[in-house]
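Enquirer: below: sequence and its predicted model.
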Amino acid sequence: MGTDPESAPASAEQGDSRIPSRPSSSNDPSDVEKLGRCRPAIFKNTWVEVGFCVSVLGSMMLAEFLVSGFSVLLPVLIEDTGIDPNQKTWPISVFSLVTGSLLLPFGRLVDIYGGFPVYIGGISWLMIWSLIAGFSRNLPMILATRALQGVGAAAFMPAGTTLLGTTYRPGPRKNIVFSLYGGCAPLGFYSGILIAGLCGQFLYWGWFFWIASILLAALCILTFLCIPREFKHGDLSSMDWLGCITILSSLSLITYSITDSSHVEGEWASPQILVTFILGVIILGAFIYIEGWVAKDPLLPFSLFSIKYLGPLFIALFFAYGSFGIYLFYASFYIETILEVQPLLAAVWFTPLAVGGMIIAVVGGATLHKLPGTVLLLFSGAGFTVCSLLFALIPEHPNYWAWVFPAMVCTTIGIDISFNVSGIFITSNVPKDQQGLAGACINGLVLLGISFFLGWADFAVGSRSHDGQGESYKVAFWFAAACGGVVILVVLAFVRIGRAKSELTVEEKTGAQEPTSHENQRDQSELIN
């Protein structure tokens, strides 16, 4: 690498021009730009960086794999184990519920002990319970193994985001990695559908979980080899235990009441639903009070919302992921039950989700530093709206290329762009000691948005069941389109995010950390090599 003109000595008396001098200003734009593009010095070589990325990105794929594939596998599992089909809701939702409820506590553990121990612990835990899940023979065992799988996902998801956020500084290189991370979500979702379809049709259904366990074991090995083993000597006494109890209780009660409202006699008039919902809201209020005025080290510090535009962004993302969850759930049911498409062909119909996700990941990595985040989020909101509208208006005998294919393309535009922009924005604007919190918020919004809005969509569909199954499903698509419209309105009115360009980290901006010059980073990398 040659000497930069700006850093070259002005005369021979100042030193040998072959020795690059370090910029005198920590805010040298050219130096910051180069730092945002070069390989982090913590990696010995490119292969270690690739292994690091495969491990963290692979964990996102397998989390989505276990969510989407189980929905496809459930009919075969019910037939084999004799489970009551009316009890299918909880085996599907318990994984996401447990994961979403525990993300903040595990995010706090990441900030206390570091990303590596929580990450490897979560991957190992999920591997064990995926292996056991393949031997399930009754409903209690299925529910237990799915819930315990959710514990593992709740650990490694914020830890994985933390590892990415602390390893890569703001700039094009981070944009590419985060774009690929977001692209792995639809790829994992599609892979889960495909593998579950193959296992359900040609193999014993338990192989779906055993394949996941094998892949997780490979990630464990890769994690030991390639992820920097950084540990923090934190104090567990700083954990906000009261906040943990209240957030877990409130989210569980609220999600239960919304999810089961359409399956209980009397629906919302039933005391079982109404009392549970009110109690959940009261406990949620208690959690907010604890976080703001009681807890010394809160799980969700109010200072997080001092970041400009973060509050409106969270609202927009909550509606965005709700729209995404409704669309995916009911699109798969509509394709298989109303259009009567076989499971494997239905999986093929979802192919644009995977392919489009990887294309957007590559393109996004090259453009996120050129286009304002607000513009990209508007594209995302439009994608969520259009994909649902296409299914809401779909005719009885649709042409795949005219209706389903563009809907799938719009879906991947919506989810990939919103996840990438929000992930980069949030992790770039919180300090390193709050990266676990950032990871919990990013992933928590996805899971809780899906669970919350999917429950309301299920209630809306049930209330219109007298119109026929196909028409009742279209109510859900109209609801999802409305959620996408809310995203557009909130972003237009309240969110202003610029380009994801190379810049100083939070610590460097506040003076808590002296910026490392580009040449100094290169020197560190050479010493490690």
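Expert: All right, it came through fine.
Enquirer: so, low pLDDT: which residues of the stretch 1-150 of the chain?
Expert: For the stretch 1-150 of the chain, the stretches with pLDDT under 70 are 1-30, 85-89.
Enquirer: list the contacts of stretch 75-86.
Expert: Outside stretch 75-86, the residues that touch it by C-beta atoms under 8 Å, 6 or more residues apart in numbering are K88, P91, S136, R137, N138, L139, I142, G200, W205, H263. For every residue, glycine as well, the C-beta is placed using N, CA and C.
Enquirer: pull out the buried positions in it.
Expert: V76, L77, I78, I83 (16 or more other C-beta atoms under 10 Å).
Enquirer: with stretch 304-313 instead?
Expert: Buried, per 16+ other C-beta under 10 Å, within stretch 304-313: L304, Y309, L310, L313.
Enquirer: kindly report the same for stretch 119-138.
Expert: Those buried within stretch 119-138 under the rule 16+ other C-beta under 10 Å are 119-131, 133-134, 136.
Enquirer: tell me the one among the buried residues of stretch 304-313 nearest to T385.
Expert: Using C-beta to C-beta, L313 comes nearest to T385 of these, at 18.0 Å.
Enquirer: was I right about that closest one contacting S418?
Expert: No: L313 lies out of contact with S418 (C-beta atoms under 8 Å); the separation is 9.7 Å.
Enquirer: care to break this structure down by domain?
Expert: Using automatic domain parsing, the domains assigned to the chain come out as 46-239+297-502, 240-296.
Enquirer: and the first one, how far from the chain's centre?
Expert: How far domain 46-239+297-502 lies from its chain's middle: 5 Å, per C-alpha atoms, centre = their mean, to the nearest Å.
Enquirer: which elements pack onto the helix or strand hosting G150?
Expert: Secondary-structure assignment from DSSP states H and E places G150 in helix 139-167. Counting contacts by 3 or more C-beta pairs under 8 Å, 6 or more residues apart in numbering; DSSP states H and E, helix 139-167 packs against helix 46-81, helix 89-113, helix 115-133, helix 172-202, helix 405-428, helix 435-463.
Enquirer: figure out which of the domains of the chain is closest to L35.
Expert: Closest among those, using C-beta to C-beta: domain 46-239+297-502, at 6.0 Å.
Enquirer: so for the helix holding G150, what gets flagged as buried?
Expert: 139, 142-167.
Enquirer: now do it and helix 89-113, the angle between them.
Expert: Between the axes of helix 139-167 and helix 89-113, defined by axes from the mean of the first three to the mean of the last three C-alpha atoms, to 10 degrees, the angle is 30 degrees.
Enquirer: so which of the contacts of stretch 75-86 comes closest to A460?
Expert: The closest of the contacts of stretch 75-86 to A460 turns out to be H263 (C-beta to C-beta; 13.6 Å).
Enquirer: just give me the neighbour total for that closest one.
Expert: Here the count is done by other C-beta atoms under 10 Å, and H263 has 15 residues near it.
Enquirer: go on, the one 4 residues further on?
Expert: In terms of burial, E267 registers 15 neighbours under the definition other C-beta under 10 Å.
Enquirer: check contacts around it.
Expert: Neighbours of E267 in contact, by C-beta under 8 Å, 6+ apart: S261, I273, F459, G462.
Enquirer: what about 7 Å?
Expert: E267 makes contact with S261, I273, according to C-beta atoms under 7 Å, 6 or more residues apart in numbering.
Enquirer: gap between it and F116?
Expert: 47 Å (C-beta to C-beta, to the nearest Å).
Enquirer: and C483, by the same measure?
Expert: Taking C-beta to C-beta, one finds C483 at 37 Å from F116.
Enquirer: more crowded one of these two?
Expert: C483 (27 against 20).
Enquirer: contact partners for the closest residue to P298 other than its chain neighbours?
Expert: Once flanking residues are discounted, P298 sits nearest to E291: 4.2 Å by C-beta to C-beta, 6 or more residues apart in numbering. Each residue near E291 by C-beta under 7 Å, 6+ apart is listed here: G243, P298, L299, L300, F302.
Enquirer: tell me the buried residues within the residues you listed.
Expert: For the contacts of E291, buried by 16+ other C-beta under 10 Å: G243, P298, L299, L300.
Enquirer: need the residues you listed in a markdown table with secondary structure and pLDDT, can you?
Expert: A markdown table is the format used below for the buried ones among the contacts of E291 (DSSP: H, G, I helix; E, B strand; the rest coil; pLDDT from 0 to 100):
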| residue | secondary structure | pLDDT |
| --- | --- | --- |
| G243 | helix | 92 |
| P298 | coil | 91 |
| L299 | coil | 89 |
| L300 | coil | 89 |
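Enquirer: make CSV from those residues and add distance to V341 to it.
Expert: Output for the buried ones among the contacts of E291, formatted as CSV (distance: C-beta to C-beta, whole Å):
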residue, distance to V341
G243, 46
P298, 48
L299, 44
L300, 43
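Enquirer: circling back: which of the buried residues of stretch 304-313 fall within helices?
Expert: Of the positions in the buried residues of stretch 304-313, L310, L313 sit in helices, assigned by DSSP state H.
Enquirer: centroid-nearest residue for this structure?
Expert: The centroid of the chain falls nearest to N443 when counting by C-alpha atoms, centre = their mean (4.0 Å).
Enquirer: for it, which residues are in contact?
Expert: Taking C-beta under 7 Å, 6+ apart, one finds L103, M157, P158, T161 in contact with N443.
Enquirer: at 6 Å what do you get?
Expert: N443 is in contact with L103, M157, counting by C-beta atoms under 6 Å, 6 or more residues apart in numbering.
Enquirer: so where does D31 fall, helix or strand?
Expert: Applying DSSP H and E as the criterion places D31 in helix 29-35.
Enquirer: return the distance of that helix from the chain's centre.
Expert: 29 Å.
Enquirer: elements contacting that helix?
Expert: Helix 29-35 is packed against helix 518-528, with contacts defined by 3 or more C-beta pairs under 6 Å, 6 or more residues apart in numbering; DSSP states H and E.
Enquirer: show me which pair in the buried residues of stretch 119-138 is furthest apart.
Expert: So, the buried residues of stretch 119-138 by C-beta to C-beta: farthest apart are Y119 and S136, at 26.5 Å.
Enquirer: without its sequence neighbours, what residue ends up closest to M61?
Expert: G188 (3.3 Å).
Enquirer: actually G183, sorry about that
Expert: Nearest one to G183, counting by C-beta to C-beta, 6+ apart, is A361 at 2.9 Å.
Enquirer: residues in contact with the one you found?
Expert: So A361 contacts S179, L180, G183 (C-beta under 6 Å, 6+ apart).
Enquirer: from L57, how far out is the second one?
Expert: The gap separating L180 from L57 is 6 Å, by C-beta to C-beta.
Enquirer: before we move on, back to that, pull the most distant pair out of the buried residues of stretch 75-86.
Expert: So, these by C-beta to C-beta: farthest apart are V76 and I83, at 11.2 Å.
Enquirer: neighbours around the spatially closest residue to G436 that is not a sequence neighbour, how many?
Expert: Once flanking residues are discounted, G436 sits nearest to V110: 2.9 Å by C-beta to C-beta, 6+ apart. When counting by other C-beta under 10 Å, one arrives at 35 neighbours for V110.
Enquirer: same question for E396.
Expert: Using other C-beta under 10 Å: E396 sits among 7 other residues.
Enquirer: need the phi and psi values for G234.
Expert: Backbone geometry at G234, expressed as degrees, to the nearest 10, gives phi -80, psi 170.
Enquirer: what pLDDT does it get?
Expert: On the pLDDT scale, G234 is placed at 76.
Enquirer: for it, which residues are in contact?
Expert: Contacts of G234 by C-beta under 6 Å, 6+ apart are I112, Y113.
Enquirer: follow-up on the earlier one: which one, of the helices and strands packed on helix 139-167, ends up nearest to K34?
Expert: Evaluated over these, closeness to K34 peaks at helix 172-202, with 10.5 Å, by C-beta to C-beta.
Enquirer: what comes up buried for the helix or strand that that closest one is followed by?
Expert: Using DSSP H and E, the helix or strand that follows helix 172-202 towards the C-terminus is helix 207-226. For helix 207-226, a neighbour-count test (16+ other C-beta under 10 Å) marks 207-213, 215-217, 219-220, 222-223, 226 as buried.
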